[in-house]
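>>> Here you go, sequence then predicted model.
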Number of protein chains: 2
Amino acid sequence: MKTDEILFLTSREIQSLLTLDECIGAVEHAFRLYGEGKAVPPAVLSMHTEDGGFHVKAGLLQLDRSYFAAKVNGNFPENGTRFGLPPIQGVIVLFDGEKGTPLALMDSREITSLRTAAATAVAAKYLARQDSRTVTVCGCGNQGRVQVKAISRVRPLQTVFAYDKDEERALRFAHELASALKISVTPVTDLAAAVRQSDICVTCTPSRQPLLGPDDVRPGTFLAAVGADNPQKQELHATLMARSKIVCDILEQCAAMGDLHHALGQGIVTEADVHAELGEVVAGKKLGRESDEEIIVFDSTGMALQDVAAAALVYESAMRAECGISLNLAS
Amino acid sequence: MKTDEILFLTSREIQSLLTLDECIGAVEHAFRLYGEGKAVPPAVLSMHTEDGGFHVKAGLLQLDRSYFAAKVNGNFPENGTRFGLPPIQGVIVLFDGEKGTPLALMDSREITSLRTAAATAVAAKYLARQDSRTVTVCGCGNQGRVQVKAISRVRPLQTVFAYDKDEERALRFAHELASALKISVTPVTDLAAAVRQSDICVTCTPSRQPLLGPDDVRPGTFLAAVGADNPQKQELHATLMARSKIVCDILEQCAAMGDLHHALGQGIVTEADVHAELGEVVAGKKLGRESDEEIIVFDSTGMALQDVAAAALVYESAMRAECGISLNLAS
């Protein structure tokens, strides 16, 4: 591509370019670099409006080439009922990190979805029991589907329990996922009963009330708390956090908006109780799972380095495949 | 346009769509809304690298329609010598501020250039003497050219003195600007002598040393300090700041990276000495020029609301003119 050319990639093109396995690998590498102190801490910016707000997540990653990416998302929870639009809409702008040249513009949805699930898979790889076979997914939306798929790449899943407060939705989800993954997916109405039979539980809901407490989880479980990404949202009871080994994607962000936020706010957990950031575990600086008995929570709020890693992967694949529209910014 | 369509506009298209007069009007309106407390304070995010860095400036503006824009720029000062690339490269992403839908992607250069000059024109309108006829421009780059053009829209300029440490550059600049503006433009080698004969002086250089002190400026002068946009840059001596009435674009930003930053750092000026933010003057909450004798400095660091105002204007003009390429983000 020439100077001043920027590659435009649609959501559909990104779907065809970004495989889950490659994304998991790229996200694991990003967490490792971060854990090794080889990536500067990513930065965030938020502006709130009456009905929602805008969020910018920016990160810089030294891969074979240096990349910077900024994801700019609007998040308007009532968009569906008000306008028939998705709540989250936005773009990722990818730059050459050494020269500051814009390289690509991408729809943000597919990348956000895959990089979020990829982080859970990386966390499961280091924090779930090796023999984990049963997973409960709480929240049967698109993210729930991708989460289970991602976990299935790192653990030999046999059974999935699908819970949603909308039973119809859980039913549809179970049907679709079973045929996609060729494993047993059972819709359930008793969340706690399902989690008590599971090795892994992923929560990916917009809940503002805790969904799971300490009595709902058996020893040895790995929990990925994915839904809470603003200070109002919560999925895990503070007392469950207190009973668990806590691993954050970014401590500072989890303390501000993750499930950790609520446990800290109630004074049940302190920041010193947090075992590690995921990057430290991946980099080998902190231990992952130390016994088959411990309950481990991965508090996932979403890190810009995941976006940079996934966007760089998409860009390089697109360049190889000569995919996307090349646009000239200047003339 | 349909859902998921984003309008792509090149630098050349933006040049044809964005007139200086309209841009001055839009930027004045943005400062007024901000001064009236009707615009939330804009936000910035920076990430530094060895040779430069990336900056995001984001703002939200309620016009006939609500707009959000994020400008994402790479700034690598050595790009010219190292790669033959401009130091600043980047894009502006414009969103519907109520729904969070991405509306347009624009090259950032033209908008940054015009909105910066427009802020100076707005400041000159409220802070320069009505009878200002003579301007010295210090720094004969592209920004200097646009600055003089913008000031000429609000004051009846007759004479321009053009100074650059590169004399050849000042010569070329004077020649080009004289034929463009049909007024007298004289290249000068003695900056202080020129400023002492001027009603207005604009500094737009990358200087890290003060270029003008208190003895270089006569009573009644309006100075626009445009160059300093990071903590290392400086154009006005702290003692000149102390002698002047200071108006900031955004106090917090000027205190961190404007010429104000250095005056505060030397303890010669306090934040309480700052007369106003420009928005307060435009909104009528604070007085502008109060006598023909006072020296007034406008410390300009660049506010995201200027970008939002200019980008919204460009977008609306493009939609009316059916200009630009409409791209579908989804498929």
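Thanks, I have it.
>>> give me every residue that touches residue A:327.
A:5-8, B:8, B:10, B:325 (C-beta atoms under 8 Å, 6 or more residues apart in numbering or on different chains). Heads up, the C-betas are built off the backbone N, CA and C, glycines and all.
>>> how about a markdown table for these, with neighbour count added?
As requested, those are exported to a markdown table (neighbours: other C-beta atoms under 10 Å in any protein chain shown):
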| residue | neighbour count |
| --- | --- |
| A:5 | 15 |
| A:6 | 23 |
| A:7 | 21 |
| A:8 | 22 |
| B:8 | 22 |
| B:10 | 21 |
| B:325 | 14 |
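>>> Farthest pair within these?
A:7 and B:10 (14.8 Å; C-beta to C-beta).
>>> how about the nearest residue to residue A:286 once chain neighbours are set aside, what does it touch?
In space, and not counting its chain neighbours, residue A:286 is closest to residue A:276: 3.8 Å by C-beta to C-beta, 6 or more residues apart in numbering or on different chains. Applying C-beta under 8 Å, 6+ apart, we find residue A:276 in contact with A:247-248, A:285-287.
>>> Just to be sure, which of these are found in strands?
A:247-248 (DSSP state E).
>>> Would you mind putting the contacts of residue A:276 into JSON lines with distance to residue B:131 and pLDDT alongside?
Listed next are the contacts of residue A:276 as JSON lines, based on distance: C-beta to C-beta, whole Å; pLDDT from 0 to 100:
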{"residue": "A:247", "distance to residue B:131": "68", "pLDDT": "98"}
{"residue": "A:248", "distance to residue B:131": "63", "pLDDT": "98"}
{"residue": "A:285", "distance to residue B:131": "68", "pLDDT": "98"}
{"residue": "A:286", "distance to residue B:131": "70", "pLDDT": "98"}
{"residue": "A:287", "distance to residue B:131": "75", "pLDDT": "97"}
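>>> Whichever of the contacts of residue A:276 end up buried, select them in ChimeraX.
In ChimeraX, this line selects whichever of these come out buried by 16 or more other C-beta atoms under 10 Å in any protein chain shown:
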select /A:247,248,286
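>>> Format the contacts of residue A:276 as a markdown table; extra columns: distance to residue B:174.
Formatted as a markdown table, the contacts of residue A:276 follow (distance: C-beta to C-beta, whole Å):
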| residue | distance to residue B:174 |
| --- | --- |
| A:247 | 64 |
| A:248 | 59 |
| A:285 | 61 |
| A:286 | 64 |
| A:287 | 69 |
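>>> one step back: can you flag which of the contacts of residue A:327 belong to strands?
Per DSSP E, those map to strands at A:5-8, B:8, B:325.
>>> now these as JSON lines including distance to residue A:100?
Putting these into JSON lines (distance: C-beta to C-beta, whole Å) gives the following:
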{"residue": "A:5", "distance to residue A:100": "15"}
{"residue": "A:6", "distance to residue A:100": "13"}
{"residue": "A:7", "distance to residue A:100": "16"}
{"residue": "A:8", "distance to residue A:100": "19"}
{"residue": "B:8", "distance to residue A:100": "20"}
{"residue": "B:325", "distance to residue A:100": "24"}
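>>> Of these, which is the nearest to residue B:73?
residue A:6 (13.8 Å).
>>> residues in contact with the closest one?
Counting by C-beta under 8 Å, 6+ apart, residue A:6 has contacts A:102-105, A:326-329, B:91.
>>> Return a PyMOL selection command for the buried portion of the residues you listed.
Of those, the buried ones can be selected in PyMOL as follows, counting by 16+ other C-beta under 10 Å:
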select buried, (chain A and resi 102+103+104+105+327+328+329) or (chain B and resi 91)
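>>> okay, among the contacts of residue A:6, which ones form the most distant pair?
A:326 and B:91 (14.8 Å).
>>> Okay, the residue positioned nearest the centre of chain A and chain B: tell me how far apart.
Among the residues of chain A, the one closest to the centroid is residue A:116, at 2.0 Å (C-alpha atoms, centre = their mean). To chain B, residue A:116 is 18 Å away according to C-beta to the nearest C-beta, to the nearest Å.
>>> any idea which element residue A:308 lies in?
Here residue A:308 sits within helix A:304-321, counting by DSSP states H and E.
>>> Show me what counts as buried in that helix.
Applying 16+ other C-beta under 10 Å to helix A:304-321 flags A:304-318 as buried.
>>> quick one: it near chain B?
No: against chain B, helix A:304-321 shows no contacts by C-beta under 8 Å from any C-beta of the partner chain, the least distance being 9.5 Å.
>>> now the angle between strand A:5-9 and that helix, please.
100 degrees (axes from the mean of the first three to the mean of the last three C-alpha atoms, to 10 degrees).
>>> packing partners for helix A:304-321?
strand A:5-9, helix A:11-17, helix A:20-35, strand A:53-62, strand A:66-75, strand A:88-96, strand A:102-107, helix A:109-127 (3 or more C-beta pairs under 8 Å, 6 or more residues apart in numbering or on different chains; DSSP states H and E).
>>> Export only the CA atoms of it, formatted as CSV.
Taking C-alpha atoms only, helix A:304-321 is exported to CSV below (Å, rounded to 0.1, in the frame of the first residue of the first chain):
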residue,chain,number,x,y,z
ALA,A,304,-6.9,-2.4,24.8
LEU,A,305,-4.0,-4.7,24.1
GLN,A,306,-6.4,-7.5,23.2
ASP,A,307,-7.8,-5.1,20.5
VAL,A,308,-4.4,-4.2,19.2
ALA,A,309,-3.4,-7.8,19.0
ALA,A,310,-6.6,-8.9,17.2
ALA,A,311,-6.6,-5.9,14.9
ALA,A,312,-3.0,-6.4,13.9
LEU,A,313,-3.7,-10.0,13.1
VAL,A,314,-6.7,-9.1,11.0
TYR,A,315,-4.7,-6.4,9.2
GLU,A,316,-1.8,-8.8,8.4
SER,A,317,-4.2,-11.5,7.2
ALA,A,318,-6.1,-9.0,5.0
MET,A,319,-2.8,-7.7,3.4
ARG,A,320,-1.8,-11.3,2.6
ALA,A,321,-5.3,-12.2,1.3
